[in-house]
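Asker: I'd like to go over a predicted model; first the sequence, then the structure.
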Amino acid sequence: MPKKGGQKAKKMANKSKHGVSQSRVLRFAEESEVYGVVLQALGNDQLRVKCQDGIERDCHIPGSMQRKVWINPEDHVLVSIRNFQEKRGDITHKYMPDEVRKLKQSPSVKALLNVLGDKGADENAINFVFDEKKSDSKEEVDDEFFKNI
């Protein structure tokens, strides 16, 4: 008589339990990297990202992330800026919602906000500093999004 479950039961037992998230090491921005929020998917593995320094960049999803990590609008990402093109970058990391919360509370990001001149910010909110505001309605929506983070 065969055993109950078989191979499929072994596969299911090896998967993580529902509701328990696997913890990852929190990745911070390095010298040539900035935090950003995805605005729009452009197709052909390209995304438009609003970065913390106020520049909208067209970013490329590298081949190692293409079919493994799905990036949608309003996701928080880490962008590596290209040395030879200021308006373009590469996505290096996608933050999960719990990682975004931890990132907001980390001392290094709070220090970054203080350097940018946002000393009166709420502890639970990251407010990116932008130099110019456009009168476009999409920009107004984006500004409201960043205020609510």
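Answerer: Now that the structure is in, tell me what you want to look at.
Asker: what is the rounded mean pLDDT of the longest strand anywhere in the chain?
Answerer: Longest strand of the chain, by residue count under DSSP state E: strand 33-43. Averaging pLDDT along strand 33-43 gives 93.
Asker: That strand pairs with which strands?
Answerer: strand 46-51 (antiparallel), strand 76-81 (antiparallel) (DSSP bridges).
Asker: what comes up buried for it?
Answerer: For strand 33-43, the buried set under the neighbour-count rule, 16 or more other C-beta atoms under 10 Å, comprises Glu33, Val34, Tyr35, Gly36, Val37, Val38, Leu39. Yep, even glycine has a C-beta here, placed from its N, CA and C like the rest.
Asker: will you turn the strands paired with strand 33-43 into JSON lines that also has mean pLDDT and mean neighbour count?
Answerer: Output for those, formatted as JSON lines (pLDDT from 0 to 100; neighbours: other C-beta atoms under 10 Å):
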{"stretch": "strand 46-51", "mean pLDDT": "94", "mean neighbour count": "20"}
{"stretch": "strand 76-81", "mean pLDDT": "95", "mean neighbour count": "21"}
